[in-house]
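Undergrad: Here's a sequence, model it:
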Amino acid sequence: MTTTTLAVLVPLLPFLGALAGLLLGRTAPGFVRPLAVLPTLASLALAATVAWRQSGGQAVDAATELTPTGSVPVELALYVDGFAALTAVLVTVVAACVQIYSTGYLRDDPRYPSYAALVSLFTSAMLLVVYSGDLMVLLVGWEVMGICSYFLVGHYWETPEARAASLKAFLVTKLGDVPFLIGLFALATDAGSFRVTRILGAVADGGIEHPTLICLLLLAGVAGKSAQFPLHTWLPDAMAGPTPVSALIHAATMVAAGVYFVARLLPLFEASQAAMTVLAVMAAVTMTGSALAALAQDDIKRVLAYSTIGQLGYMTGALAVADRGAAVFHLLSHGAFKALLFLAAGVIIHAAGTNSLAAMSRMGHLRDRVPDAYWTMTVALLALAAIPPFSGFFSKEAVLGVAEHVVTGHTEHAPAAAGWIVLLAGLVTALLTAAYATRLWLLAFRGEGPEAPDHGRQPLTMTAVLWVLAVPSLALGGFAFRVLPDWFDGHDLTPTLTTSVLGTGVALVGGIVTYATWRHTTAHAARVPLGAVAAHPEGDAGLVEAEAIASHAPAYGDIAYAPDPSDPGRLLLGPLHRPAAAGFHLDAVYTALFVRPVRAGANLVRFLDREVVETYVRGAGALPRWLGAAVRRAQTGNVQTYVSALLAGTVVLAVAAVLVATGA
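TA: Residues are numbered from 1 along each chain as shown. Next comes the predicted model:
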């Protein structure tokens, strides 16, 4: 087969698997798991073959036009370069791991057939985004991922949290998609085509008349899809869905789509210095804000969600300093260790038998009960904290290194202000990332929380996947920074001495300070249940309960607990802890700025419709009704009345005729 044919089959196979799974899910349940796993594994094999054949050489570019669409044609176009080839391998690897893992995680779930089909469709849509050479076809995959996320996040629709989270994810991303669509049309109008190659050619020839406006419109969609400030608030709430879905969304699909889109069209963004600066500011705010929020979360999945937002900030930061090689390098590295983190968290939750035990303050005695999760999550957290020689170190240092090049004037593709913003924010975030990674490890595996019931050993399909993902989390970065430049733009990804020392130094400081704080707090604090007023230092159960509710403290059985005093995050953040735990109240701000005005406007429209418009409608119907009633009364059925009325009418007409004739 040709490379083009293989590339077409890569997104097609998961799509066919999803279709077959939906059709046979009820009639032939025995085929559901093979139809979920085998097409994805076959797609992985084909994606690896395409990457091997492409090998960083000339891009595979093919297109066909099915039907004329006017002045700007829409084509089924395929464009596979080094970026696309390796990103597709990442997507299929993570998707295959998630499908295999889900056969154990959701083995007793009655809605598993629809779940597996939606995961396959989600995978197919992301692969369409990766391989597409036409922006309108890319938009199809972009929007299909949105609807799949709605259904998958809301998988546990019986719970109000899942229903609200799925709706929020859909609406917030659609809020960004509206300007994104306008930007696509404006871009195609200037370039005369939706084809990526022709658009980049028009950029090189200076044919884009409004690059700043177009880029800002596109960035709105990117912010929504990749959960960047200010449209990132949907991602932490999306943790209400099944944990394997979180791994898929965070590691390889949806949130990676926005970063990949900017990487593919980076020359367009480079044409606007203002857009690059906005991208840098967006990345910096996202990185630092999400890291602070992660340090204050109690739910392990929300910690990982805010971590994803911050790591995506690193990727957009690399794009802001005009190096898509570093951005996609971190995308690949992050995909491996973030999928591992979520799936390991799923093993912990599965061992406890309930999703509610994702709260770290309730975790205890887990190291010996889930050794696979313990060791593999330790590897993933070290990669997340960018400790050498784990993969996250090399990819994160690639981002900091290119920012340093911009600051020192070694490249002129990005403004120096963007370089300073990304470099400083990246170093601060490295410190905070190591802090919350250390805190997560300590509370999850070294904590002394109440021991949850043990639901037995986890299925092999779940634990084996963890070790598979641990390999790239540990070893990917060590050789990737030497090999990837040949696949990308040829830019050097070797860590620089200055940023390596600074980045590793602040990471070690963050980890050591967090550990020391934890040792200090555990030596001087103990958990106090509500009701034990005399044992509590404040001596007031009501105050304890209020504080527990305000900080979303979890409950264990029928006993609610105050915020864990051994949590080092509380001491490290100080007065910032409460606003950070609430995501700096951005949801409340958006409610005040957008939700309430929209509701008020809707109520006003409803009032005008009922009290004004309907009044005129009722009035328009009342006049004919009154005339009909008058005419109906005249229909008495008495012949004498009719004759009298006829004679009277004749007399009136005669008099009128005489008057008219006299006047003439």
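
Undergrad: now the strands: where do they sit in the stretch 451-600 of the chain?
TA: Listed in chain order, the strands found in the stretch 451-600 of the chain under DSSP state E, counting those that start in this stretch are 555-556, 559-560.

Undergrad: Return the set of buried residues in stretch 193-213.
TA: Neighbour counts using 16 or more other Cβ atoms under 10 Å place 193-196, 198-200, 202-203, 208, 211-213 of stretch 193-213 among the buried residues. All C-beta atoms are positioned from the backbone trio N, CA, C, and that covers glycine.

Undergrad: That should have said stretch 480-490, apologies.
TA: 480, 481, 484, 485, 487, 488.

Undergrad: Check stretch 295-304 too.
TA: 295, 296, 297, 298, 299, 300, 301, 302, 303, 304.

Undergrad: which other helices and strands contact the helix or strand containing the last one?
TA: For residue 304, the enclosing helix or strand under DSSP states H and E is helix 300-320. Applying 3 or more Cβ pairs under 8 Å, 6 or more residues apart in numbering; DSSP states H and E, one finds that helix 300-320 makes contact with helix 234-237, helix 243-251, helix 255-264, helix 273-294, helix 324-352, helix 391-407, helix 416-445.

Undergrad: Out of those, which is closest to residue 4?
TA: helix 255-264 (18.6 Å; Cβ to Cβ).

Undergrad: Now do the closest one: everything it contacts.
TA: 83-84, 87, 91, 126, 129-130, 138, 142, 145, 196, 218-219, 221-228, 235, 249, 269, 279, 308, 312, 315-316, 319, 324, 327-328, 331, 335 (Cβ atoms under 8 Å, 6 or more residues apart in numbering).

Undergrad: switch the cut-off to 6 Å
TA: Helix 255-264 has contacts (Cβ atoms under 6 Å, 6 or more residues apart in numbering) with 129, 222, 225, 226, 227, 315, 319, 324, 327, 328, 331.

Undergrad: And stretch 201-213, by the same measure?
TA: By Cβ under 6 Å, 6+ apart, stretch 201-213 touches 190, 191, 267, 268, 271, 272, 274, 275.

Undergrad: before we move on, what about stretch 105-120?
TA: Residues outside stretch 105-120 that contact it (Cβ under 6 Å, 6+ apart) are 14, 17-18, 21-22, 25, 32, 36, 148, 151-152, 155, 244, 346.

Undergrad: Would you convert the residues you listed into TSV that also reports secondary structure?
TA: Below are the contacts of stretch 105-120 laid out as TSV (DSSP: H, G, I helix; E, B strand; the rest coil):
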residue	secondary structure
14	helix
17	helix
18	helix
21	helix
22	helix
25	coil
32	helix
36	helix
148	helix
151	helix
152	helix
155	coil
244	helix
346	helix
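
Undergrad: And the residues you listed, which is closest to residue 589?
TA: For these, the nearest to residue 589 is residue 152 (27.7 Å; Cβ to Cβ).

Undergrad: Measure how buried the spatially closest residue to residue 41 that is not a sequence neighbour is and give me the count.
TA: Take residue 41 and drop its neighbours on the chain: the residue closest to it by Cβ to Cβ, 6 or more residues apart in numbering is residue 96, 5.3 Å away. Other residues within reach of residue 96, judged by other Cβ atoms under 10 Å, total 24.

Undergrad: so residue 96 touches residue 44, yeah?
TA: Yes. With contacts counted by Cβ atoms under 6 Å, residue 96 reaches residue 44, the gap being 5.1 Å.

Undergrad: tell me the two of the contacts of helix 255-264 that are most distant?
TA: For the contacts of helix 255-264, the maximum inter-member distance is 19.3 Å, found between 227 and 324 (Cβ to Cβ).

Undergrad: In terms of neighbours, single out the busier of those two.
TA: A direct count of neighbours by other Cβ under 10 Å for residue 227 and residue 324 places residue 227 higher, at 31 against 25.

Undergrad: Enumerate every residue touching the residue lying closest to that one once chain neighbours are set aside.
TA: Distances taken as Cβ to Cβ, 6+ apart place residue 235 nearest to residue 227, at 4.1 Å, with adjacent residues excluded. Each residue near residue 235 by Cβ under 6 Å, 6+ apart is listed here: 227, 305, 309.

Undergrad: can you redo those residues as a markdown table with distance to residue 72 and pLDDT?
TA: Converted to a markdown table, the contacts of residue 235 look like this (distance: Cβ to Cβ, whole Å; pLDDT from 0 to 100):
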| residue | distance to residue 72 | pLDDT |
| --- | --- | --- |
| 227 | 31 | 92 |
| 305 | 38 | 95 |
| 309 | 35 | 96 |
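
Undergrad: ok, so of those, who is nearest residue 594?
TA: residue 227 (17.7 Å).

Undergrad: and that closest one, how far is that from residue 279?
TA: The spacing between residue 227 and residue 279, counted by Cβ to Cβ, to the nearest Å, is 15 Å.

Undergrad: Check residue 295 too.
TA: Taking Cβ to Cβ, one finds residue 295 at 25 Å from residue 279.

Undergrad: can you check residue 308 too?
TA: 18 Å.

Undergrad: And for residue 654?
TA: 90 Å.

Undergrad: Just want to know which of the two has more residues nearby.
TA: residue 279 (29 against 10).

Undergrad: The more buried one touches residue 318, doesn't it?
TA: No. Using Cβ under 6 Å, residue 279 and residue 318 do not qualify as a contacting pair, with a distance of 10.1 Å.

Undergrad: ends of stretch 629-647, how far apart?
TA: 23 Å (Cα to Cα, to the nearest Å).

Undergrad: so for that stretch, what's the average pLDDT?
TA: Mean per-residue pLDDT for stretch 629-647: 77.

Undergrad: cool, and stretch 605-622?
TA: Rounded mean pLDDT across stretch 605-622 is 83.

Undergrad: Span of it from start to end?
TA: End-to-end span of stretch 605-622 (Cα to Cα): 24 Å.

Undergrad: which among the contacts of stretch 201-213 gets closest to residue 73?
TA: Among the contacts of stretch 201-213, and counting by Cβ to Cβ, the member closest to residue 73 is residue 191, at 11.8 Å.

Undergrad: Is the residue nearest to that closest one when sequence neighbours are not counted within a helix or a strand, and which one?
TA: Spatial nearest neighbour of residue 191, excluding adjacent residues (Cβ to Cβ, 6+ apart): residue 202 at 4.0 Å. Taking DSSP H and E as the definition, residue 202 sits inside helix 196-204.

Undergrad: Check the offset of that helix from the chain's centre.
TA: 28 Å (Cα atoms, centre = their mean, to the nearest Å).

Undergrad: Check the protein and tell me which residue is nearest its centre.
TA: residue 255 (4.2 Å; Cα atoms, centre = their mean).

Undergrad: Beyond the helix or strand hosting the residue nearest to residue 41, next helix or strand please.
TA: Using DSSP H and E, residue 96 sits in helix 82-105. Next helix or strand after helix 82-105 toward the C-terminus (DSSP H and E): helix 112-131.

Undergrad: Show me which residues of that following helix are buried.
TA: 112-131.
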